[in-house]
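**Student:** for reference, the sequence and a predicted model appear below.
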Amino acid sequence: MKNLLHLLVLVVLLLTGAVGAGAADKAASKADVLSAIVVFQKDPSSKEGYAAAETIINFAEKSDAVRISLSKAVVPWLKDKDASDADTRNILLGAYVAGNVGAQLKSGKPVDNVYAGWEQVLVTYAQLLQINSAAKITEVEELKQKDADGTLRAYAAEIAGK
């Protein structure tokens, strides 16, 4: 599943021109990744944010310190790379990986954390809406509503159990 994660995210980012050649070859430490997560969280749509996402994704793909499974259930906003809002959706995929990886590194336990991934997606989504309030994504709005209702954590546990 890690290869699928890397392939999916890196291909999407490469196709959108978000990452540069050669960066995928650099090995990152846990400290590097935690720093990259901070950079991504600060400004996910910046050049630095994209580079940070690449560091995080490469680490997720190569490291045994984390486990992430991707499916339509956990990243329901992911669509065809030609979608008009593909850049926003791709940033949200990076946010999911960043949140999930960050939680695992902080806990020291390599256990997929859907809820932490979604929490970061919601934070990043709010940042992106400040830039473009029309960039609403139905699937993320549904997660946002579950969070407001207090049911997001239980929903994440349900999805993770499938």
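**Tutor:** Now that the structure is in, tell me what you want to look at.

**Student:** now the longest helix seen in the chain: average pLDDT?
**Tutor:** If you go by DSSP state H, the chain has its longest helix at helix 86-107. In this model, helix 86-107 carries a mean pLDDT of 96.

**Student:** list the buried residues for that helix?
**Tutor:** Within helix 86-107, the residues scored as buried using 16 or more other Cβ atoms under 10 Å are 86-105. Any C-beta I mention is one placed from the backbone N, CA and C, and that applies to glycine too.

**Student:** state the next helix or strand along the chain beyond that helix.
**Tutor:** Note on helix 86-107: by DSSP states H and E, the next helix or strand toward the C-terminus is helix 114-131.

**Student:** mean confidence score for that next one?
**Tutor:** Mean predicted confidence for helix 114-131 is 97.

**Student:** could you export that helix as PDB, CA atoms only?
**Tutor:** Extracted C-alpha coordinates of helix 114-131, given in PDB (Å, rounded to 0.1, in the frame of the first residue of the first chain):
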ATOM      1  CA  VAL A 114      -7.300   8.400   9.700                       C
ATOM      2  CA  TYR A 115      -8.700  10.900  12.200                       C
ATOM      3  CA  ALA A 116      -5.400  12.800  12.500                       C
ATOM      4  CA  GLY A 117      -5.200  12.900   8.700                       C
ATOM      5  CA  TRP A 118      -8.700  14.300   8.400                       C
ATOM      6  CA  GLU A 119      -8.000  16.800  11.200                       C
ATOM      7  CA  GLN A 120      -5.200  18.200   9.100                       C
ATOM      8  CA  VAL A 121      -7.300  18.100   6.000                       C
ATOM      9  CA  LEU A 122      -9.900  20.300   7.700                       C
ATOM     10  CA  VAL A 123      -7.300  22.800   8.900                       C
ATOM     11  CA  THR A 124      -5.700  23.000   5.500                       C
ATOM     12  CA  TYR A 125      -9.100  23.300   3.800                       C
ATOM     13  CA  ALA A 126      -9.900  26.300   6.000                       C
ATOM     14  CA  GLN A 127      -6.600  27.900   4.900                       C
ATOM     15  CA  LEU A 128      -7.400  27.200   1.300                       C
ATOM     16  CA  LEU A 129     -10.900  28.700   1.600                       C
ATOM     17  CA  GLN A 130      -9.300  31.900   3.000                       C
ATOM     18  CA  ILE A 131      -7.400  32.200  -0.300                       C
END
